[in-house]
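# Predicted model and sequence below, questions to follow.
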Amino acid sequence: MKKHVLLVLLLGLTTSFCYSQVKVSVQGGAGFSGITKDKNYKADFGYRFGVGVEFPLARAWSLQTGLQLLNRKSSIDEDVLETRQYEGETVLLYETKKSKMSAVYLQLPVKIVTYLPLNTDCGLQISAGPYIAYGIGGNINGEMKRDPHWSGSGLVPEGFEDLGTHREFRSDTFNKDRGLKRLDIGLSAGVDFKYKSFFVGGAVEYGLLPVSKEFLKSMFEDVFDENKITRSPHHFGVELHVGYCFNLWK
């Protein structure tokens, strides 16, 4: 008896999904992303593509998910002048650092969606919910210049002979030692204007997990290896997109 009841429920659920006009969508656009708690990092534009599936729940409500490929970009442009004391010597250290960071993620959003019709052909779709993203690639490219000036004897303390440098550097964004964390979990909310099968809109995102625990408050702390103060910044972003949706079953 129980087996028959379960079979009937399963068939009913399958039938309801088949006749509930499950929608599939494709979309593409650009995202403006950055990192919190670090004024030196500037947000930048990156691409975003994805496919989505929307399951109706009740009346104007539905559940939306899918898979997106996105590239979060940011840049750093920092000029710092500091005075430090080291074993009786005063060092005036001027350092500039410029770099660009690219981080490619696969992202899975899960949103609750409501539709507000404006007429028979168009309306507004409002969505909100969590997302989970995993970093699959990216790199950091940049250059760094250091120009030290010593007071007193003018002698460079031992261990700081190579402090004055000009070098270019490149590293993986998700480097195990000093890169970003691959896993990101956050919240997103958005609104779309829909006209028949087409839609255009935008969304905002905020990461709940810190991108890294190795972000130094000052790059000079890394040079002198003392009193290191780290921060735990988060991702934030705004994305714009256009897309097309269609019914999987009619």
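Structure received.
# Isn't Glu78 up against Ser99?
No - contact criterion C-beta atoms under 8 Å: Glu78 and Ser99 do not qualify, at 9.1 Å. Every residue, glycine included, has its C-beta placed from N, CA and C.
# out of those two, which sits in the busier spot?
Using other C-beta atoms under 10 Å as the criterion, Glu78 and Ser99 rank with Ser99 on top: 19 against 16.
# Tell me which helix or strand the more buried one sits in.
Per DSSP states H and E: Ser99 is located in strand 89-117.
# the strands in this protein, which residues?
Ranges of strands in the chain, per DSSP state E, are 23-35, 41-58, 61-86, 89-117, 122-137, 139-150, 166-172, 183-195, 198-207, 215-216, 230-231, 235-247.
# Check what pLDDT Gln107 gets.
In this model, Gln107 is scored at 97, pLDDT.
# what sits against it?
Contact analysis of Gln107 by C-beta atoms under 8 Å, 6 or more residues apart in numbering lists 50, 67-70, 131-134.
# Among the residues you listed, which one lies nearest to Gly201?
Gly50 (13.0 Å; C-beta to C-beta).
# Setting the sequence-adjacent residues aside, check what's closest to that closest one.
Excluding its sequence neighbours, the residue lying closest to Gly50 (C-beta to C-beta, 6 or more residues apart in numbering) is Gln68, at 3.3 Å.
# wait, isn't the one you found in contact with Gly46?
No - judged on C-beta under 8 Å, Gln68 makes no contact with Gly46 at a distance of 11.8 Å.
# where does this structure dip in pLDDT?
Applying pLDDT under 70 to the chain flags the ranges 1-20, 37-40, 80-94, 146-166, 213-231, 250.
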